[in-house]
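Sharing a model prediction with you, sequence too.
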Amino acid sequence: MTNRPGIFPTFFLSGFECSTFLWKDKRRRNLTEETQHHRHAQQDYNILRELGIAVAREGIPWPMVDKGGQYDFSPIDPMIEAMRQTQILPIWDICHYGYPDDLDPFSENFVPRFANYCRAVARYVVTRLRGPYFFTPINEITFFSFCGGEWGWVAPYRTTREDRFKLRLRLCEAAIAGVKAIREVEPTARMVHIDPLVQVVAPRDRPDQIEAADHETYVDSFVAWDIISGKEHPELGGSPEILDIVGANNYSFGQMEYREQGPHQALEPGDDRVKPLCDLLRLVWERYRRPMIIGETSGLGHGRAAWLKDVMEESLAAVNEGIDLHGICLFPAVDMPDWHTGKWLNNGICDLVEGGGDLRRVQHAPMVEELRRWQRELNRVTVLDADPFSDPVDLQDVIEAAARLQKKPDQDWS
C-alpha cells in the first residue's frame, strides 16, 4: 500500500527520438529509422526493463500511417509487441514535428483531420495494450511553431513571427480537439503536454532588449500551455483537465541570450545569468498547479552523469518546495543524430556504434551508474518487477528523500 501513489509505475521514464518532419531540403526525416529503433525495438525495451524504467515516450509517425484519412498502424506493431513482452507503459507521441504530405496546418481541415487520426490511434492501441493510457497529442508546440513558423527549418517553412503565432494557435486547437477525440474512445486516458523550459536574457550591452527577453521567458513560453489549459483563447475548449499533466523539457540550450533574428544564443556554463532548474519548475507549477514531469532531459558526451546529478538535486529541491513532480524522463534512451549535421549527439542512455550497417546499443556506464545511485537514494527499483503496474511509485519516498537530502537550487550545471 502506497502512502502517496504516483501517476506512473516508476519515477524514472525514458523515450525514443521519433521526429518525422520535412526538413529544410524538403526531404522527409524519420528518426525512428535513422536510429534503427524500428529494427531494435525489443532490444531497446529490454534495456529499459533492465534499467528499472517502466515508462517510455514512443512515437506514432503520423505522415507514415495516415494516407488521406486511411490508416495503417503497422509501423508501431514492433513497439507494441516489445511493450507487451517487457510490460513497459507507453506515452504515445501522436504528432512529433511531422504531418501528412497532403495536409496544410493552416487549412480548415487540419484540426478535424488530426482529431480523426487521434481517434483512430486510441482505438488501435487500447485494443492491443492494457491501460492505463497516456498520450502527448502534439509534441513541443512552442518549439514546433518556431521551427516551422519563424525559422523555416521544417514544414510548413514559414519565416515570420506572425506565422509562428498562427501556427502555434492552430496546433493548440488541434491538440485540444485531439484530447477530446481520444477521450471519446477511452475516457480515462491521461494527457502529457510537452514543451521546453525557457529562460531568455538580454545581451549585457543591450538593456533595450530586456523587455523582449522577459516577454519570451514569462509570457511567450507559456502561451501553448495557457491555451490548452483554457487560460487563453477559451473558445478553443481548453481546460485544466485537458492540460492534465505538464511535461517540462530541460536542456542547457533552453537558457539563452536574446537575438532579434533567428534562434537565440545558448548561455555558456558558468554564466551568472543561468537560472536554477528548480526556479524554472516553480514558474510552471505556480502557473498551472497540475501534476508535472520533466518530459525530457539529457546531458552530452562525458557530461551525462553530471547532468543527471544536477537535474536530480534541482528536482528534489523543487519537491521540497511542494511541487507535484511525478517523474523524470531520461531522453533519449538511445542516441540520436543532430538534425543539422547528422553527427551522433551522444546524449542517450545508450550510445550507437556503427558496424556492418547495424547500430549497436552500448550503455553509457557513468550515466547508468548515476541512475542506479539515485534509484537507491529514492528507494526505487533497479530492476522491474514481473508486473510493474502492480505497485505505482510511492511519492512519499521521493518527498522523504528530498527532505533528508535538503538539496538547494543553484546555477551550476555540473
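Alright, I've got the coordinates. Numbers count the residues shown, from 1 in each chain.

gap between residue 169 and residue 95?
When distance is defined by C-beta to C-beta, to the nearest Å, residue 169 is 15 Å away from residue 95. Heads up, the C-betas are built off the backbone N, CA and C, glycines and all.

Spit out the contact partners of residue 24.
152-154 (C-beta atoms under 8 Å, 6 or more residues apart in numbering).

And for residue 190?
By C-beta under 8 Å, 6+ apart, the residues touching residue 190 are 7, 132-135, 244-245.

For it, give me phi and psi.
Reported as degrees, to the nearest 10, the phi and psi values for residue 190 are phi -100, psi 150.

Drop anything exposed from the contacts of residue 190.
Judged by neighbour count, with 16 or more other C-beta atoms under 10 Å as the criterion, the buried members of the contacts of residue 190 are 7, 133-135, 244-245.

Out of these, flag the one nearest to residue 89.
Minimum separation from residue 89 among those (C-beta to C-beta) is found for residue 134, which lies at 7.0 Å.

Quick check, pLDDT for the closest one.
Among the per-residue scores, residue 134 shows a pLDDT of 98.

Phi and psi next, for the closest residue to it other than its chain neighbours.
Of all residues not flanking residue 134 in the chain, residue 91 sits nearest, at 4.2 Å (C-beta to C-beta, 6 or more residues apart in numbering). For residue 91, the backbone dihedrals (degrees, to the nearest 10) come out as phi -110, psi 110.

and if you look at residue 265?
Torsion angles at residue 265 (phi, psi; degrees, to the nearest 10) stand at phi -100, psi 120.

what do you get for residue 143?
Per-residue torsions, residue 143: phi -70, psi -40 (degrees, to the nearest 10).

Enumerate every residue touching it.
Contact partners of residue 143, counting by C-beta under 8 Å, 6+ apart, are 195-196.

go again using 10 Å as the cut-off
Listed by C-beta atoms under 10 Å, 6 or more residues apart in numbering, the contact set of residue 143 reads 97, 194-196, 198, 221, 224, 249, 254.

For it, give its distance to residue 288.
Where residue 288 is concerned, residue 143 sits at a distance of 19 Å (C-beta to C-beta).

Tell me the confidence at residue 365?
Residue 365 carries a pLDDT value of 98.

how many neighbours does the residue nearest to residue 197 when sequence neighbours are not counted have?
Using C-beta to C-beta, 6+ apart and skipping the chain neighbours, the partner closest in space to residue 197 is residue 280 (4.4 Å). Counted with other C-beta atoms under 10 Å, the neighbours of residue 280 add up to 23.

more neighbours, residue 169 and residue 95?
For residue 169 against residue 95, the residue with the higher neighbour count under other C-beta under 10 Å is residue 95, and the figures read 26 against 18.

Would you confirm that that one contacts residue 117?
Yes: when contacts are counted by C-beta atoms under 10 Å, residue 95 is listed as touching residue 117 (8.3 Å).

For residue 384, see how far away the closest residue to residue 89 other than its chain neighbours is.
Setting aside the residues directly before and after it, residue 89 is nearest to residue 55 in space (C-beta to C-beta, 6+ apart), at 4.9 Å. As defined by C-beta to C-beta, residue 55 lies at a distance of 11 Å from residue 384.

and if you look at residue 361?
18 Å.

Between these two, which has more neighbouring residues?
A side-by-side neighbour count of residue 361 and residue 384, using other C-beta under 10 Å, places residue 361 first with 22 against 19.

Run through the residues that contact that one.
Residues in contact with residue 361 (C-beta under 10 Å, 6+ apart) are 35-37, 40, 43-44, 46-47, 333-335, 348-353.

before we move on, what SS does it have?
Residue 361 carries the three-state label strand when classified by DSSP: H, G, I helix; E, B strand; the rest coil.

For it, list each beta-bridge partner.
For residue 361, the residues forming beta bridges with it (DSSP bridges) are residue 352.

If I look at it, what pLDDT would I see?
The score at residue 361 is 98. That number is its pLDDT.

One more: the one 10 residues further on?
Reported pLDDT at residue 371 in the predicted model: 97.

Please tell me I have it right and it contacts residue 53.
Yes: with the criterion set as C-beta under 10 Å, residue 371 and residue 53 qualify as a contacting pair; they are 8.5 Å apart.

shared neighbours of those two, anything?
Common neighbours of residue 371 and residue 53 are listed as 12, 14, 330, 349, 380 (criterion: C-beta under 10 Å, 6+ apart).

Let's verify residue 172: helix, strand, or coil?
The assignment at residue 172 comes out as helix when based on three-state DSSP.

residue contacts, the spatially closest residue to it that is not a sequence neighbour?
With C-beta to C-beta, 6+ apart as the measure, residue 227 is the residue that lies nearest to residue 172, at 4.1 Å, once sequence neighbours are left out. Applying C-beta under 10 Å, 6+ apart, we find residue 227 in contact with 141, 168-169, 171-173, 175-176, 233-234, 236-238, 242-243.

Which of the three states applies to residue 227?
Each residue gets one of three states, and residue 227 gets helix by three-state DSSP.

before we move on, back to that, from the buried ones among the contacts of residue 190, which land in strands?
Per DSSP state E, strands hold the following members of the buried ones among the contacts of residue 190: 134-135, 245.

And those, which is closest to residue 104?
Here the nearest of these to residue 104, counting by C-beta to C-beta, is residue 135; it sits at 23.7 Å.

From residue 57, how far off is the closest one?
Separation of residue 135 from residue 57 (C-beta to C-beta): 10 Å.
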